[in-house]
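In: All I have is the shape, not the residue letters:
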């Protein structure tokens, strides 16, 4: 009996040690730490994440990694590595990749603006605002505000104004607009090897990118939808614009978008710093691929709102 208890105790201890090792080794990928990481471990975790970047197959990336680790070896504080990590993530992921320190992240989370929505001359006007790093309640409130207007169906057309929307989380935006979008695949994320992950909409729920935000099962009868773009329409706002490639009777107005048409993954480091890394291109439902190129409007206009209203009333 004693021998059995001794063996059981050893096995239990081995399981505990194995678990601690796994947490130490892989926990940082989920923002879980047994002890505060050293500056070198902190930097190493960031660079391991960046290896997933779309543009890491280059000598430039190897040089950026080397420089970051050399800086970390002589640094006393995490902040001393940020300049090199900012450079490294730009190399690994391109122009859509960036580092955001904790103060910037907290400010962004605390300053969310709700969409502007109004009805004019039987046209529903929706100006979607950027939403990034908001908590689940704010995400759902954003979507619900849009839904309560879209679901009324008391309009002859919709103007979806994405001008000056610099992006953030596509989930609340798409959930709020779900009654206007057909169920099924609305777009794909495609990695550098060509592997695709589709984004599915089904009964108001997205298969990824905001699955915690619930849309609506209701579908609005076909109405003309005018999408307004400008040079500050970026990132997730561009994803929303591409999602409407699957909808009927849609026309795009304004000027070319910002050209941050790519998919990002996110990691939060020990000190609250957030890494946003481009890991995929976008492919719309027609099969057209976008990698940080602008979306072109169907009709260029200096006054896209007026052009959109005129088009809707002509339908």
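Out: Cool, got the structure. Given the structure is predicted, the values throughout are model-derived calculations rather than measurements.
In: Grab the nearest non-local neighbour of the one residue sitting closest to the centre of the chain.
Out: With distances taken as C-alpha atoms, centre = their mean, residue 169 lies nearest the centre of the chain, 4.7 Å away. Nearest residue to residue 169, sequence neighbours excluded (C-beta to C-beta, 6 or more residues apart in numbering): residue 131, at 5.4 Å. No exception for glycine: its C-beta is placed from N, CA and C like everyone else's.
In: now the strands for the stretch 51-200 of the chain?
Out: 98-100, 116-120, 123-127, 157-161, 184-190, 196-202 (DSSP state E, counting those that start in this stretch).
In: which other helices and strands contact the third one?
Out: Here strand 123-127 is seen to pack against strand 116-120, helix 136-150, strand 157-161, helix 304-314 when contacts are counted using 3 or more C-beta pairs under 8 Å, 6 or more residues apart in numbering; DSSP states H and E.
In: The same query, at a cut-off of 7 Å, please.
Out: If you count contacts as 3 or more C-beta pairs under 7 Å, 6 or more residues apart in numbering; DSSP states H and E, strand 123-127 packs onto strand 116-120, strand 157-161.
In: Please identify the most buried of those strands.
Out: Burial of the helices and strands packed on strand 123-127 is given as mean neighbour count (mean count of other C-beta atoms under 10 Å); strand 157-161 ranks first at a mean of 23.
In: could you check the angle strand 123-127 makes with that strand?
Out: 20 degrees (axes from the mean of the first three to the mean of the last three C-alpha atoms, to 10 degrees).
In: Partner strands of strand 157-161, with direction?
Out: For strand 157-161, the paired strands and their directions (DSSP bridges) are strand 123-127 (parallel), strand 225-229 (parallel).
In: can those go into CSV with extra columns for distance to residue 256 and mean pLDDT?
Out: CSV is the format used below for those (distance: least, C-beta to C-beta, whole Å; pLDDT from 0 to 100):
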stretch, distance to residue 256, mean pLDDT
strand 123-127, 19, 98
strand 225-229, 7, 98
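In: Give me whichever of those is most buried.
Out: Highest mean neighbour count among those (mean count of other C-beta under 10 Å): strand 225-229, with a mean of 26.
In: Report the distance from that strand to the chain centre.
Out: Its chain's C-alpha centre and that of strand 225-229 lie 21 Å apart, by C-alpha atoms, centre = their mean, to the nearest Å.
In: After it, which helix or strand is next? Please name it.
Out: Note on strand 225-229: by DSSP states H and E, the next helix or strand toward the C-terminus is helix 236-243.
In: right, and residue 75 touches residue 39 too?
Out: Yes. Here residue 75 reaches residue 39: they are 4.7 Å apart, a contact under C-beta atoms under 7 Å.
In: All the helices of the chain, residue numbers only.
Out: 2-26, 39-50, 59-73, 82-93, 102-110, 136-150, 170-176, 236-243, 304-314 (DSSP state H).
In: what comes up buried for the last one?
Out: Using 16 or more other C-beta atoms under 10 Å as the test for burial, helix 304-314 gives 304, 305, 307, 308, 309, 311, 312.
In: residues touching the nearest residue to the third one once chain neighbours are set aside, list them.
Out: When you say that, I think you mean residue 307. Leaving out its chain neighbours, the residue that sits closest to residue 307 by C-beta to C-beta, 6+ apart is residue 301, at 4.4 Å. By C-beta atoms under 7 Å, 6 or more residues apart in numbering, the contact set of residue 301 is 253, 254, 307.
In: And the pLDDT at the nearest residue to the first one once chain neighbours are set aside?
Out: Spatially, and ignoring its direct neighbours in sequence, residue 253 is nearest to residue 304 (3.9 Å; C-beta to C-beta, 6+ apart). Here, the pLDDT recorded for residue 304 equals 97.
In: Please determine how far residue 304 is located from residue 163.
Out: In this view, residue 304 and residue 163 are 8 Å apart by C-beta to C-beta, to the nearest Å.
In: shared neighbours, those two?
Out: Each of 228, 254 lies in contact with both residue 304 and residue 163 under the rule C-beta under 7 Å, 6+ apart.
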